[in-house]
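Colleague: this one's sequence-less:
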């Protein structure tokens with residue numbers, strides 16, 4: 001039984017058409033059917049629908065022009081499977097003011113094939129795994145162990161589902177984006193990338209583990225970004241006084257996927273794996289909030305050559321954020337935040353922890369994670 005409600009509501013849509021991108025099983029189809037129950041719906045995952053429109057894309061135009069009485073949107077799910085449909089869609093938007101909602105797991109295939117991306121005539125939306133704000137009675141340990149893809153979070157035994165997801169989708173379908181038949185090397189890359197999860201990426205080291213070149217590894221990381229399977233955080237380096245490490249920091253799109261690839265086992269309070277998964281979870285919340293709120297603020301990271309570090313910098317150094325899976329933050333946990341504040345003026349310097357109550361340590365606010373997330377989703381952290 002579904003026990004969540006999605007935040008993504010297409011508030012800016014109006015009469016415009018849009019793309020909705022998101023990883024498989026993030027809930028795109030369910031969301032579209034809930035928000036647009038009377039829409040004309042084409043599902044390209046259905047083999048017969050895919051076959052006939054792939055054989056003759058003009059069927060879409062002919063069918064939609066056969067009845068001009070319908071004024072609602074037309075939903076095309078997994079649109080990247082038939083790139084030629086975009087020309088028909090473009091023509092219908094321009095000449096007949098049709099409104100389309102086009103969903104899929106990646107725009108990469110469309111771009112690679114030279115498909116028509118509607119010349120700026122469609123808004124872009126993204127759907128991520130569930131957030132704490134969407135789940136009544138949210139359970140942190142469940143989220144850290146199961147991940148936040150809807151089926152996985154709600155399942156009593158998600159490991160088989162996660163294994164199938166990685167095998168059938170990540171290792172096969174996403175690998176096709178690399179235009180390679182070397183599935184084993186891409187599979188090794190997925191596991192090697194997991195060891196970079198939450199860390200600065202060393203392309204040469206990853207390449208050595210995978211048996212491919214560093215150039216190929218960079219392309220693989222780009223594929224993970226283009227398919228929304230992963231994110232590379234660039235280092236914040238505006239007018240640095242200290243020498244800053246320029247390597248990006250990598251996160252998979254879902255903590256449950258990273259756990260499985262890392263073979264972490266059960267995550268329990270105050271363990272090392274808890275701290276890493278907790279930081280990853282907070283990143284997922286930040287990434288979703290940046291997009292869903294419409295603020296679209298950049299999320300960067302900061303680490304100096306002397307190993308002073310701040311996990312996340314939001315906006316143009318408006319917020320400096322450190323995540324610590326500890327029950328009581330101490331001054332030594334905040335060295336990176338203190339150093340960053342010596343170099344930049346911030347509106348907020350925050351440590352997100354398991355502390356039972358908020359505190360202030362110097363110029364840094366220590367916030368229990370529940371309070372931090374409440375403030376984040378109320379747009380009180382950055383706005």
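Modeller: Cool, the structure landed. This is a predicted model, so every value here is computed, not measured.
Colleague: which residues in the stretch 51-200 of the chain form strands?
Modeller: All strands of the stretch 51-200 of the chain, identified by DSSP state E, counting those that start in this stretch, fall at 74-77, 100-104, 122-126, 199-200.
Colleague: For residue 149, which of these is the nearest?
Modeller: strand 122-126 (14.6 Å; C-beta to C-beta). Bear in mind the C-beta positions are built from the backbone N, C-alpha and C, glycine included.
Colleague: elements contacting the closest one?
Modeller: strand 17-21 (3 or more C-beta pairs under 8 Å, 6 or more residues apart in numbering; DSSP states H and E).
Colleague: Can you list the strands that the strand it packs on pairs with?
Modeller: strand 100-104 (parallel), strand 122-126 (parallel) (DSSP bridges).
Colleague: Highest mean neighbour count out of the ones you listed?
Modeller: With neighbours taken as mean count of other C-beta atoms under 10 Å, the strands paired with strand 17-21 reach their highest mean count in strand 100-104, at a mean of 25.
Colleague: Does residue 4 touch residue 135 like I think?
Modeller: Yes - with contact defined as C-beta atoms under 8 Å, residue 4 reaches residue 135; the gap is 5.0 Å.
Colleague: of the strands of the stretch 51-200 of the chain, which approaches residue 67 most closely?
Modeller: Nearest of the strands of the stretch 51-200 of the chain (C-beta to C-beta): strand 74-77, 11.5 Å.
Colleague: Can you tell me the strand partners of the closest one and which way each runs?
Modeller: strand 40-43 (parallel), strand 100-104 (parallel).
Colleague: In JSON lines: those strands, plus mean pLDDT and distance to residue 281.
Modeller: As requested, those are exported to JSON lines (pLDDT from 0 to 100; distance: least, C-beta to C-beta, whole Å):
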{"stretch": "strand 40-43", "mean pLDDT": "94", "distance to residue 281": "32"}
{"stretch": "strand 100-104", "mean pLDDT": "94", "distance to residue 281": "26"}
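Colleague: can you put the ones you listed in CSV and add distance to residue 161?
Modeller: Converted to CSV, those look like this (distance: least, C-beta to C-beta, whole Å):
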stretch, distance to residue 161
strand 40-43, 21
strand 100-104, 21
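Colleague: Please name whichever of those is nearest to residue 269.
Modeller: Closest among the strands paired with strand 74-77, once you apply C-beta to C-beta, is strand 100-104, at 37.8 Å.
Colleague: Tell me how far the closest one lies from the chain's centre.
Modeller: 18 Å (C-alpha atoms, centre = their mean, to the nearest Å).
Colleague: what's in contact with it?
Modeller: Contact with strand 100-104 is made by 10, 17-22, 28-29, 32, 36, 39, 73-81, 89, 92-93, 110, 122, as judged by C-beta atoms under 8 Å, 6 or more residues apart in numbering.
Colleague: Of those residues, keep whichever come out buried.
Modeller: 10, 17-22, 28-29, 32, 36, 39, 73-81, 89, 92-93, 110, 122 (16 or more other C-beta atoms under 10 Å).
Colleague: Quickly list what residue 322 is bridged to.
Modeller: Residues in a beta bridge with residue 322, per DSSP bridges, are residue 351.
Colleague: Point me to the helix or strand that includes the nearest residue in space to residue 268 that is not next to it in sequence.
Modeller: Of all residues not flanking residue 268 in the chain, residue 274 sits nearest, at 6.4 Å (C-beta to C-beta, 6 or more residues apart in numbering). In this assignment (DSSP states H and E), residue 274 forms part of helix 272-292.
Colleague: This completes my enquiry, with thanks.
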